[in-house]
Structure formats: structure tokens, C-alpha cells
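[1] I'll drop the sequence and a predicted model, then ask my questions.
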Amino acid sequence: MADITTDVLIIGTGPAGSATAALLSTYGVENMVINRYRWLASTPRAHITNQRTMEVLRDLGRNVEDEAYMFAAEQDLMGENVFCTSLTGEEIGRMKSWGKHPLSRAEHQLSSPSHMNDLPQTFMEPLLFKTACSRGTQARMSTEYLSHVQDADGVTTTCRDRLTNKDITIRSKFLVGADGGNSKVAEHAGLTYEGKMGVGGSMNILFEADLSRHVAHRPSVLYWVLQPGADVGGIGMGLVRMVRPWNEWLIVWGYDINQPAPEVSDDFAIKVVRDLVGDQELKPKIKSVSTWTVNNMYATKTASGRVFCAGDAIHRHPPSNGLGSNTSIQDAFNLAWKLAAVIKGQAGLGLLDSYDTERAPIAKQIVTRANKSIEEFGPIFKALGLLDSVDPVKMQQNMDARCDDTDAAEQQRAAIRKAIASKVYEFDAHGVEMNQRYRSSAIVTDGQPEPAFEKDAELHFQPTTWPGARLPHAWLFGQNGEKVSTLDLTGHGVFTVLTGVGGDGWVEAAKSLGKAFGMTIAVHKIGPRQEWQDLVGDWANMREIRDSGVLLVRPDHHVAWRAEGMVADPQAELRRVLNSILNK
Ligand code: FDA
């Protein structure tokens, strides 16, 4: 007999665990989350928060999304990505990043009702955790996961209460391992991985200093500093990262992974800060220092039976592209509604298989992209002539050569511009953030081929209602002037049917099937004199079905299935699709 029972036990209160808990509680599923420490993240590791993550927060409630914006540095403060020799030194180049370029900003605005922003993990975690606990999650801090055993009906997990030093057992229907990059849950569940841990070494130096005069005229979250040694280990270059504009900062500096991790003294930390800022008189207040390794590893199997892993537990990679916490929260969005549907008896266990089918390829994609982004600093070093010598004097001469009035110098200048511009794949890769398309048993094809990407799929988001893709965003208008996104009409833990004039057959089918399946199926009709009007015509341009057609949208905003127009027996067709998706 276990000491405690719950439906879902979640190990870890990081972005993956807290988001899973918040979503499950919102869906009315009993859950418990544990953390071996007494509180949440103590350092602001993750910060770049992309639109897809903000859509998850919006789905949790407009109050949750609004609170995130309240604590975040807004998008306008994020994007003058600077490459320099120090903050006071020479600026070598700049690139507009994170939707700062007007063309990119337009794409952002057209793609989503939500905005990218910079929200340090020290704000994101409490927001998700508070949302979870206030909606029903039981949280046990200072409780360490030790082991688990699963059987046909559930999982028995042994944990240590670190306050009493006593072991407790928790029985749950499902176990979620959101216990980070050294996941014990994943190890004990026998998950399989490809890649390598520890391919580079980095140190974080968190400090306070008012640097407004060096940065406020070129607002950015990231200031990349080229100094001798900047290419050793780490994330590609020396980095001065804004935590709070413009008086709290995190420096990331590499170390040689073939050597033991250095003991970072305050004196050493102050030296690195002064060197990268370029002010030997600066008196920074060092708040903390830590070391971490650059990893290049992803799970090829993300779940085993009743145990599911999410977040860094299944994708371990450097912070390049700012994908870690974002992808962790998006894993949770994929998993939580499936667990809820199975626990509520609306779906068979087989629905849960689609978590691995859908998220394992994403894990591979983002780990590969984040590591490639480190390699892509190479051309900048090469163009500046920093790879030809380790002698700082010679390196400086090579950099200085770009200012000469010679053909060689002109070519060097062009090479530098090209190398910096190519970093768009790290700093403005909107497609990587938004183009996730699923293929699995939780998607039913309409027989149409997947639309090819017309532009670079890593850089540009391409909306489509092809089953498996995220529902495109378009603004719609109510009869009283209200304005909603198509994404606002969907999600919230339920399936949604979107149709238009001539789609009454789908409306009736959804109502009666909702009763038959014991679940709510939300229904919205879009068109003139309907509940929602497509006054601008954006929806008609992107929905890829006729007025009488239908989109069936999953609780995580992904299109589950679509029909181009009305069919002879809409109820039979929708029943077939739901049976297939829900594994009934
Ligand atoms: P995370 O590691 O955050 O949480 C794990 C949780 O499990 C913790 O609560 C821990 O205490 C708990 N735990 C572990 N073992 C346990 C046990 N045995 N028992 C009980 N509890 C246990 N990402 C991003 O999206 N945008 C960005 O801009 C950045 N930037 C960035 C910069 C830097 C410098 C770093 C180092 C990292 C980033 N990241 C990022 C990455 C991001 O921080 C990371 O991907 C997420 O924290 C992962 O979230 P998880 O919830 O998976 O694990």
C-alpha cells in the first residue's frame, strides 16, 4: 500500500514539470509534482520565450499570458544582436534578431496572437508553478525521486523526504519524468538516446551592474564578445546576456572540456566581467557562478509504458536558439491533454503512443539545430582571421586588416557581413520555433500530400491546415466587436470543430458525438452573420477548406483532421476520425 496516491506524478518543477502540472490541473486531472530542492530555479537560465510557448500560456488563461508579459523584457528590447570586442570596445557587426527586423516582425505578427519576449526562468517557473498549485496540483518540495516500478495499472515511485530523511511511496496511474538533463526517471525507464553529453564546457557568471550607457542605444538580449579564447568550449563566443535591462547580466564564457571544470572564484569572475565589458574600473556585484556542459543528445524513445519523459530529460543541447525551456513547455502541451483524455476514460491507452511518435523527432530536430548554431560561429572567426593564430597581437592585426583600403580587405569585410548574416539560423529562426508538424496515430490524413515549404523551413513559418500542423492564426470578429484568434477558439483541453456557412451537419455531428464520447467538443461557425466573422478574409485565405468543410482541432491546437466540404454522413465520418485518434 503506497503512502500517497495521485493520478499523475510529475518529477521536477522546471518548465517541463510545472507546465505539465499547470495544464493537468486546468484540465481537471489530479496530479502531484515534486522537486528535490525547496524552491524553483535560482538562476535565470532560460529567457528567450517564443510565440508558440506564449500560445501555451495564453491557452492556460489570458491572465497567465498577461502576467508573463508584465515580468518580461518586451520584444523591442531584444533584437539588436551585437558582435563586438567588448561592450566599450569596437563594434564589428550587428544583426536584427528575434523578430526585430521589420520583415520578420511582420511574419511574427501574422503568425500568432502572442508575442516573443524575454522572460527569465526565475519568472517563468514561479508563474507556471503558481498556476498549477492554485488550480489543484499538490506540490511536495524537498522531495527527491529515487526509483520507480511500473505494472499494468500504474507506477509506484519511491521518493525521499529530505526534511525527515524518510522514504515515501507514491502510487500513480502515470509518471512524468521532467527531471532535467540528468534524468534518473529516463535512465530507470530505459529510454534510449543518440549523441553525446559534455561536448563543451561553459560557465555562467550572474552579476549586477548598470551598463545602460554601453547598451541602451542598441538594445539586445545578447552581446557577443570576440576576445582571444572566446571560441574555447562553451557556446561559440563570449556572451554578455541581459537578464534585466540594463542592470542585471549573465556572462557565459567557455572552458576547455578536456580539463576539469574550473573553480570559478569571485576574483576570476570579476576579471571576466571587466574584460568582456571592457571597463577595468567596473565594480560588478557577483550574484552567483556555476559551470555547465554543452550537450548534444536526444532521446530516440521518450516514453516507456506508463512513464513519459519531457523537457531536458529527452533533449539535451546548448542554449543556442533559446529552444530548451520553450520545447519543454511544448512537450507538456502535447502530453497533458493525452493523459487527461485517457484518465477521464475518453481515450484508449494507445493515444499515449503518439507522444513519442510526435515529440521524439522534435527532440532530434532542436538538439541538432542548437548544436549546428554553435558551429556556425566558425565563419565569423574565420572571416576575422582569428583562426590563423593564437597570438593575441597577431589576432588583433588580422581583425584590423579589414579596415584597409585593399581588395583583400574589401573581400574580408564582405566575408564578415556574410558570416554574421548567416547567424539568422540561430537568432531569427521563426520556422524552427513554429513549423512543427506531427505525423502519428493521433492525426488522421485527409489524403492530401503535405504542402512543401515555399521558403526556408527553418527561417519562415508557413501556415497550413494540413492535418498534423498547428492551426493557423487569424483574427476573427464577434457580432459585438470582440476580436479573437482562431487559436483562442480552440485548445483549453478540448477538441474543437471549426466550420462555416453550410457546415451545420458538422455542428450537429460534433454535438451528438461529444455526448457519445463523454467529452466536450467545442464548435464554432465562421462566416457572415455567424458567431464569428472573417471580416478581413484572412481565415478564408489560409483555411484550405470550403465554407461547408471542417477542421477538427486537438486540444494542443494541432489540426487532427479536415474535410474539404460537406459529406453525405458527417456524423459517421467524424465518428470514424475520433475513434481512430482516441484509440477507441
Ligand atoms: P530543469 O532542469 O529546468 O528542471 C528539472 C527539475 O527536476 C528541477 O526542478 C529539479 O530540481 C528537478 N529534479 C531533478 N532531479 C530530481 C530528483 N531526483 N528528484 C526530484 N526532483 C528532481 N531555454 C530556452 O527555451 N530559452 C533560452 O533562452 C534558454 N537559455 C538558456 C541559457 C543558459 C545559460 C542555459 C544553461 C540554459 C538555457 N535554456 C534556455 C535551457 C533551459 O534552461 C532548459 O532547457 C530548461 O530548464 C529545461 O527544463 P526542464 O523542466 O526540462 O528541466
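    Ah, there it is.

[2] what residues does the stretch 201-350 of the chain put near the ligand?
    For the stretch 201-350 of the chain, the residues in contact with the ligand (C-beta under 6 Å from any ligand atom) are 204, 252, 292, 311-313, 319, 322-326, 328. Placement of C-beta: from N, CA and C, glycine included.

[3] how deep is the spatially closest residue to D312 that is not a sequence neighbour tucked in, by neighbour count?
    Closest residue in space to D312, ignoring its immediate chain neighbours: G181 at 4.2 Å, by C-beta to C-beta, 6 or more residues apart in numbering. Burial of G181 is recorded as 19 neighbouring residues (other C-beta atoms under 10 Å).

[4] Over to L239?
    The burial count for L239: 23, using other C-beta under 10 Å.

[5] Which element, helix or strand, includes it?
    Per DSSP states H and E: L239 is located in strand 238-244.

[6] Just the buried residues of that strand, please?
    238-243 (16 or more other C-beta atoms under 10 Å).

[7] cool, and stretch 118-137?
    In stretch 118-137, counting by 16+ other C-beta under 10 Å, buried: 118-133, 135-137.

[8] just stretch 3-22 next, same as before
    For stretch 3-22, by 16+ other C-beta under 10 Å, it's 5-22.

[9] and that stretch with the ligand, contact?
    Yes: applying C-beta under 6 Å from any ligand atom, one finds that stretch 3-22 is in contact with the ligand at 11-17.

[10] Enumerate every residue touching W475.
    W475 is in contact with 113, 483-485, 536, 538, counting by C-beta atoms under 8 Å, 6 or more residues apart in numbering.

[11] picking up where we left off before, parallel or antiparallel, list what pairs with the strand holding L239.
    In the sheet, strand 238-244 lines up against strand 222-225 (antiparallel), strand 248-255 (antiparallel) (DSSP bridges).

[12] Show me what the lowest-mean-pLDDT helix or strand in the chain is in contact with.
    The helix or strand of the chain with the lowest confidence, counting by mean pLDDT, DSSP states H and E, is helix 392-400 at a mean of 89. Helix 392-400 is contacted from outside by 85, 92, 226, 228, 384-386, 388-389, using C-beta under 8 Å, 6+ apart.

[13] Can you get me a residue count around G93?
    G93: 19 neighbours (other C-beta under 10 Å).

[14] give the contact list for it.
    Going by C-beta under 8 Å, 6+ apart, the list of residues near G93 reads 83, 416-417, 420.

[15] in what helix or strand does the residue in the stretch 151-300 of the chain that the ligand sits nearest to lie?
    Nearest residue of the stretch 151-300 of the chain to the ligand: G180, at 2.9 Å (C-beta to the nearest ligand atom). Applying DSSP H and E as the criterion places G180 outside every helix and strand.

[16] still on that earlier bit, among the strands paired with strand 238-244, show me which one is buried the most.
    Most buried of these by mean neighbour count (mean count of other C-beta atoms under 10 Å) is strand 222-225; its value is a mean of 25.

[17] pull the CA atoms of that strand into CSV?
    Output of strand 222-225 as CSV, limited to C-alpha atoms (Å, rounded to 0.1, in the frame of the first residue of the first chain):
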residue,chain,number,x,y,z
LEU,A,222,22.7,39.2,-26.4
TYR,A,223,26.1,41.0,-26.8
TRP,A,224,28.7,38.7,-28.4
VAL,A,225,32.2,39.4,-27.4
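
[18] Show me the residues of stretch 3-22 next to the ligand that map onto strands.
    Those of the residues of stretch 3-22 next to the ligand mapping onto strands are I11, per DSSP state E.

[19] okay, among the residues of stretch 3-22 next to the ligand, which ones form the most distant pair?
    Spatially, the most separated pair among these is I11 and P15, at 13.7 Å (C-beta to C-beta).

[20] which residue packs closest to Q436, ignoring adjacent ones?
    I362 (5.9 Å).

[21] sorry, back to before: kindly list the main-chain dihedrals of the residue lying closest to the residue of the stretch 151-300 of the chain closest to the ligand once chain neighbours are set aside?
    Distances taken as C-beta to C-beta, 6+ apart put D312 closest to G180, at 4.8 Å, once the chain neighbours are dropped. Backbone geometry at D312, expressed as degrees, to the nearest 10, gives phi -60, psi -20.

[22] I'd like to know how many residues surround D312.
    By other C-beta under 10 Å, neighbour count at D312 equals 26.

[23] Would you mind confirming that it is in contact with S328?
    Yes: using C-beta atoms under 8 Å, D312 makes contact with S328 at a distance of 6.6 Å.

[24] Report the set of residues contacting both of these two.
    In contact with both D312 and S328: 14, 16, using C-beta under 8 Å, 6+ apart.

[25] what helix or strand is the residue most central in space within the chain on?
    Closest to where the C-alpha atoms of the chain average out (C-alpha atoms, centre = their mean) is N326, at 1.5 Å. Assigned by DSSP H and E, N326 belongs to helix 324-343.

[26] any idea of the mean pLDDT in that helix?
    In this model, helix 324-343 has a mean pLDDT of 98.

[27] which stretches of this protein have low pLDDT?
    Across the chain, the ranges flagged by pLDDT under 70 are 236.

[28] ok, then the element right after the longest helix anywhere in it?
    Longest helix of the chain, by residue count under DSSP state H: helix 353-375. Reading on from helix 353-375 to the C-terminus, the next helix or strand found by DSSP H and E is helix 378-384.
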